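*Asks:* Fold the following and give me the result.
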Amino acid sequence: MKIFILLIFKWLGFFYLAKKITARRPRILCYHGISVDDEHLFSPGVFIRSSTFARRMALLAKWGYKPVSLDELYRQNQAGQYKKNTLVITIDDGWAAIEQGMLPALKKHSFNATLYLSSYFVINQRPVFKLSCYYLFWKYQGPFTLANNSCLKPYTTLPQLTINDVLALATELGSAFEQLILTELAAYFGEDLASWLQSGKLMFLNPEKVTALAAGGLAIELHTHRHKFSELDLTDAQTELVNNQRYITQLTGKKAQHFCFPRGEYQQQQLDLLAQQQLKTATTTENELISKYDNLLTLPRLIDSDKVSNLEFEAELTGVMTLLRSAASLLKRGG
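*Replies:* Predicted coordinates:
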């Protein structure tokens with residue numbers, strides 16, 4: 001029903017009208033990783049196919065958008081008015097496959113983009129442990145039967161482990177065991193980890209790639225060191241920011257001035273911490289256009305993924321969905 005209604009709206013010209021009405025409300029698009037194999041089926045909210053991303057960039061060009069930097073967005077805010085059709089492209093985390101899966105489409109249209117980088121996973125060049133475990137259990141439907149020589153055998157009496165059992169043991173044993181556990185899991189399920197290393201599957205960019213991408217014009221900004229923030233006290237949250245900032249500066253030669261909340265979550269008192277760090281902007285995962293009244297440290301974004309159709313993407317991009325949400329809110333208050 002939603003798709004049918006949007007098709008009618010587009011046919012009637014509402015998409016063009018909505019774009020004009022919302023022209024001075026900037027859009028920040030949010031992306032994460034590129035699917036190397038079947039990750040878009042495993043986690044479609046995080047991993048998008050390169051073909052889908054290329055179509056999205058073509059739609060931006062079709063609608064006349066020319067993405068700008070977060071610095072430009074900040075300058076417009078400080079000048080007192082946003083320019084018409086301002087749009088920013090952001091990419092969260094730092095997944096390795098974005099180099100081959102996103103950058104060609106960005107270069108084709110000469111689009112600016114920003115990468116929010118979690119630096120710990122750049123330093124530790126191996127598949128992201130927790131996500132990789134979830135992926136293997138999703139793909140092969142578990143459980144994991146322990147061999148007599150399993151690295152986990154001395155620490156459990158269970159003959160078979162679920163994903164929750166594996167993660168609980170990994171937490172108990174510490175990060176030193178993670179690679180051993182993942183290697184054993186992959187071998188048990190018949191996955192070739194060496195091919196993951198070659199393709200960048202469930203891995204982050206290496207330091208040299210980050211440096212090269214920054215030199216090529218990709219803005220590198222803050223996303224915490226270990227992808228943790230809202231669950232931390234102020235001291236630990238500050239440590240996350242400081243470590244993230246130090247490593248990004250080492251790799252790029254520049255001080256990062258923009259921040260993205262991991263998972264879009266934060267505590268109210270953490271906003272003061274961001275202000276103390278003199279950060280210009282911070283973004284969330286609230287799905288909306290920016291208004292002139294929004295706090296620069298809690299900016300919304302439009303969350304794109306492989307779960308979103310081209311038509312739904314256009315409806316968000318042009319502001320149709322924003323106007324519909326506003327109308328629904330007014331009706332709810334009136335009722």
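*Asks:* contacts, neighbours, all on C-alpha from now
*Replies:* OK.
*Asks:* Just the terminal-to-terminal distance for stretch 75-87.
*Replies:* From its first residue to its last, stretch 75-87 covers 13 Å (CA to CA, to the nearest Å).
*Asks:* The residue nearest to Asn287 when sequence neighbours are not counted: what's it in contact with?
*Replies:* Nearest in space to Asn287, with sequence neighbours left out and distances taken as CA to CA, 6 or more residues apart in numbering, is Leu302 at 4.8 Å. Shown in contact with Leu302 (CA atoms under 8 Å, 6 or more residues apart in numbering): 27-30, 285-289, 316-317.
*Asks:* for the stretch 201-335 of the chain, what spans make up the strands?
*Replies:* Taking DSSP state E, counting those that start in this stretch as the criterion, the stretch 201-335 of the chain carries its strands at 219-222, 258-260, 281-287, 299-303.
*Asks:* Please identify the deepest-packed of the ones you listed.
*Replies:* Taking mean count of other CA atoms under 10 Å as the contact definition, the stretch among the strands of the stretch 201-335 of the chain with the greatest mean neighbour count is strand 219-222, which reaches a mean of 27.
*Asks:* Show me what it is packed up against.
*Replies:* Using 3 or more CA pairs under 8 Å, 6 or more residues apart in numbering; DSSP states H and E as the contact test, the elements touching strand 219-222 are strand 114-117, helix 234-252, strand 258-260.
*Asks:* Now do it: distance to the chain's middle.
*Replies:* 13 Å (CA atoms, centre = their mean, to the nearest Å).
*Asks:* Give me the contacts around that strand.
*Replies:* By CA under 8 Å, 6+ apart, the list of residues contacting strand 219-222 from outside reads 69, 113-118, 214, 241, 244-245, 248, 252, 256-260.
*Asks:* Could you report the neighbour count for Ala187?
*Replies:* Other residues near Ala187 number 12, with proximity taken as other CA atoms under 10 Å.
*Asks:* same question, the one 4 residues further on
*Replies:* Neighbourhood size, Glu191 [other CA under 10 Å]: 15.
*Asks:* So it lies in a strand, does it not?
*Replies:* No - assessed with DSSP: H, G, I helix; E, B strand; the rest coil, Glu191 is coil; it does not lie in a strand.
*Asks:* Can you give me the distance of it to Leu17?
*Replies:* For Glu191, the distance to Leu17 under the criterion CA to CA works out to 50 Å.
*Asks:* what do you get for Ile181?
*Replies:* For Ile181, the distance to Leu17 under the criterion CA to CA works out to 55 Å.
*Asks:* One more: Tyr140?
*Replies:* When distances are taken as CA to CA, Tyr140 and Leu17 turn out to be 48 Å apart.
*Asks:* wait, Thr114 sits on Asp93?
*Replies:* No - contact status for Thr114 versus Asp93: not in contact, 10.8 Å apart, counting by CA atoms under 8 Å.
*Asks:* Those two - which one has more neighbours?
*Replies:* Just comparing Thr114 and Asp93: by other CA under 10 Å the higher neighbour count belongs to Asp93, 25 against 21.
*Asks:* Now do the contacts for that one.
*Replies:* 32-33, 115-118, 204, 223, 227.
*Asks:* now with 10 Å?
*Replies:* Contacts for Asp93 were tallied using CA atoms under 10 Å, 6 or more residues apart in numbering; they are 31-33, 115-119, 121-122, 204-205, 221-224, 226-227, 260, 262.
*Asks:* buried subset of these?
*Replies:* The neighbour-count criterion (16 or more other CA atoms under 10 Å) marks 31-33, 115-119, 121-122, 204-205, 221-224, 226-227, 260, 262 among those as buried.
*Asks:* where does the chain dip in pLDDT?
*Replies:* In the predicted model of the chain, residues 334-335 satisfy pLDDT under 70.
*Asks:* Domains of it: list them as residue ranges, please.
*Replies:* With automatic domain parsing serving as the domain definition, the record reports that the chain contains domains spanning 2-125+206-334, 129-198.
*Asks:* which one of these is the most hemmed in?
*Replies:* Comparing the domains of the chain on average neighbours per residue, with mean count of other CA under 10 Å, the densest one is domain 2-125+206-334 at a mean of 18.
*Asks:* now that one, how far from the centre of its chain.
*Replies:* The answer for domain 2-125+206-334 is 7 Å, by CA atoms, centre = their mean.
*Asks:* ok, now stretch 117-128?
*Replies:* On the basis of CA atoms, centre = their mean, stretch 117-128 is displaced by 14 Å from the centre of the chain it belongs to.
*Asks:* Extract the C-alpha set from stretch 223-242 and format it as PDB.
*Replies:* Taking C-alpha atoms only, stretch 223-242 is exported to PDB below (Å, rounded to 0.1, in the frame of the first residue of the first chain):
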ATOM      1  CA  HIS A 223      33.100   7.700  15.500                       C
ATOM      2  CA  THR A 224      34.800   6.800  18.800                       C
ATOM      3  CA  HIS A 225      37.700   4.400  19.100                       C
ATOM      4  CA  ARG A 226      35.900   1.200  19.900                       C
ATOM      5  CA  HIS A 227      32.400   2.100  18.700                       C
ATOM      6  CA  LYS A 228      31.200   2.700  22.300                       C
ATOM      7  CA  PHE A 229      29.700   5.900  23.700                       C
ATOM      8  CA  SER A 230      26.200   6.100  25.100                       C
ATOM      9  CA  GLU A 231      26.800   3.200  27.600                       C
ATOM     10  CA  LEU A 232      29.900   4.800  29.000                       C
ATOM     11  CA  ASP A 233      30.400   7.300  31.900                       C
ATOM     12  CA  LEU A 234      31.800  10.700  31.000                       C
ATOM     13  CA  THR A 235      35.400   9.800  31.800                       C
ATOM     14  CA  ASP A 236      35.400   6.700  29.500                       C
ATOM     15  CA  ALA A 237      33.400   8.500  26.800                       C
ATOM     16  CA  GLN A 238      36.100  11.200  26.800                       C
ATOM     17  CA  THR A 239      38.800   8.500  26.500                       C
ATOM     18  CA  GLU A 240      37.000   7.100  23.500                       C
ATOM     19  CA  LEU A 241      37.000  10.500  21.800                       C
ATOM     20  CA  VAL A 242      40.600  11.300  22.700                       C
END
